[in-house]
Structures are given as structure tokens and as C-alpha cells.
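Participant: just the structure for this:
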Amino acid sequence: MHITYSLGITGYELWSDPDNPDRLMVLFVGTQREQIAKSYKVLQTRSGRQFVRPYGRRIYLDQCLPVRTEA
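Facilitator: Numbers count the residues shown, from 1 in each chain. As a prediction, this is how the structure comes out:
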């Protein structure tokens, strides 16, 4: 799985953590600072919506756009 969450000019890139299926790798993109991907646990709301919480911001997976990657 490879998805993005847009914030206009910047955004987040998310993909499955190869070492842990219950986590996603998250990378903040679109800035001049060093880009480091970190692994975040996939959480659920009481109603069942899945999200990750990088830097305290909830990113709901159903609001992300899928990205086709060529292998």
C-alpha cells in the first residue's frame, strides 16, 4: 500500500512498514528540511475509522489518495 495525504503544497506520504504489518511509514514531504520517514501504529476510532498520528495530527486513511507505484 502506498498512499498520500495532501495539505496543498506539502503533504504526507504513507506506505506499509516492511518490518511490521500493523504500522505505516510516514514521510512529511514538500519542505526544504531533511526528510526522515518514521513508523507509526495504525489506530482506530470507536466507530472503526483507521488513522495514524504523526506529530499529533490525525491522518485518516480513508481520506488518503492511493498512488500507483511501478515495481
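Participant: report the buried residues of stretch 29-38.
Facilitator: residue 37 (16 or more other Cβ atoms under 10 Å). Every residue, glycine included, has its C-beta placed from N, CA and C.
Participant: how far away from the center of its chain is it?
Facilitator: Here stretch 29-38 shows a centroid-to-chain-centroid distance of 13 Å under the convention Cα atoms, centre = their mean, to the nearest Å.
Participant: cool, and stretch 17-33?
Facilitator: Stretch 17-33 has its C-alpha centroid displaced from the chain centroid by 6 Å (Cα atoms, centre = their mean).
Participant: how about the secondary structure of the spatially most central residue of the chain?
Facilitator: Taking Cα atoms, centre = their mean, the centroid of the chain lies closest to residue 14, which sits 3.2 Å from it. Put simply, residue 14 is strand when judged by DSSP: H, G, I helix; E, B strand; the rest coil.
Participant: is the nearest residue to residue 49 once chain neighbours are set aside in a bridge, and if so with what?
Facilitator: The shortest distance from residue 49 to any non-neighbouring residue, by Cβ to Cβ, 6 or more residues apart in numbering, is to residue 60 (5.6 Å). Going by DSSP bridges, residue 60 is paired in beta bridges with residue 51.
Participant: thanks again, I'm all set now.
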